[in-house]
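> sequence and predicted structure, then a few things I'm wondering about:
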Amino acid sequence: MDHDAIIHADRVSKHYGANNAVKQVSFQVNRGEIFGLIGKNGAGKSTLLELLSGNLAPDEGSLRVHGFDMRAEGHKLKEHINIFSQSTSLVDRLTVREALDMFQGFYSRHCDIDAVMEQFGLTPYADKIVRRLSGGLRQRTTLAIAIVNDPALIFLDEPTTGLDVQTKKEYWAILSSLRLQGKTIVIVSHDLTEMQAHCDRIGVMREGRFVACNEPSLLISSLPSGGLTMEAVYMHYAVGEAGGVEV
Ligand SMILES: Nc1ncnc2c1ncn2[C@@H]1O[C@H](COP(=O)(O)OP(=O)(O)OP(=O)(O)O)[C@@H](O)[C@H]1O
């Protein structure tokens, strides 16, 4: 077991009735990594995020996150993580400061809200209603919400969907700065170009299984057909063109 890893998954499975959404998945995520998950709709990415964040317990296998055994003590993880989800749109009617205050109230671990707003360039908008901000500022607000409890791990499920190119760039710049602060980020996205550019490693899922996991450049160079892009990686591993290869 690698002691620098914050996530250790060993043959983790989860099923919904007869549907095996996650099958025998094994991988590790190191502290301070940006770790990406890609795969087709229904491949099991969101279910895996739910397992990693303690919202679901594994049916089989061993899963340790930030030192906690997720089958027995998943509830203890809550204070140490944060999750981006669409529910953050509930803050639309609040001001930026009220939104951050509200989310901070859900945790006992706190960080300085003024410092967070400064870090995200939100100080001039502290008293503005979130709904009236530009898409980029709203997204920055949701990322600021994701660190109000000073989490060790941040889970992001398709956070940049619908953002324009410049706003996406700003978003990833903030993620990189969080990574430099030692935060671990696990992100699900269908934007392969972004994932290639910004993730330290990417896990590829197909039908609930991990079929590849490596640095983006190594995933690309691993292709037997000599593909040059993440799209080729996706077609080979996630879609299973030419049969794909299981890890
Ligand atoms: N709450 C649930 N109850 C029953 N089946 C579910 C539930 N959530 C997901 N599933 C099923 O589990 C499988 C994996 O779904 P999941 O949402 O994890 O995939 P995904 O890779 O995140 O897909 P997407 O890219 O569409 O979000 C799918 O077959 C899905 O229909």
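That came through fine.
> quick check, Tyr107 in a helix?
No - counting by DSSP: H, G, I helix; E, B strand; the rest coil, Tyr107 falls outside a helix, being coil.
> neighbours around His75, how many?
Using other Cβ atoms under 10 Å, His75 is surrounded by 11 other residues. Glycine gets a C-beta too; all of them are placed from N, C-alpha and C.
> again with Gly67
Every residue meeting other Cβ under 10 Å relative to Gly67 is counted, giving 12.
> next: the one 5 residues further on.
Using other Cβ under 10 Å, Ala72 has 9 other residues around it.
> part of a strand, is it?
No - counting by three-state DSSP, Ala72 is not found in a strand; it is coil.
> distance check, it against the ligand.
Taking Cβ to the nearest ligand atom, to the nearest Å as the measure, Ala72 falls 22 Å from the ligand.
> now do the phi/psi pair for that residue.
phi -110, psi -30 (degrees, to the nearest 10).
> pLDDT at it, what is it?
Among the per-residue scores, Ala72 holds a pLDDT of 88.
> start the count at 18, not 1, going forward
Sure thing, new numbering starts at 18, so read that last one as Ala89.
> so who does it touch?
Going by Cβ atoms under 8 Å, 6 or more residues apart in numbering, Ala89 touches no other residue.
> which residue packs closest to Arg88, ignoring adjacent ones?
Distances taken as Cβ to Cβ, 6 or more residues apart in numbering place Ala74 nearest to Arg88, at 5.5 Å, with adjacent residues excluded.
> please report the distance of that neighbour from Phe52.
21 Å (Cβ to Cβ, to the nearest Å).
> out of these two, which sits in the busier spot?
Phe52 (22 against 14).
> check which helix or strand Leu240 maps to.
Leu240 belongs to no helix or strand when assigned by DSSP states H and E.
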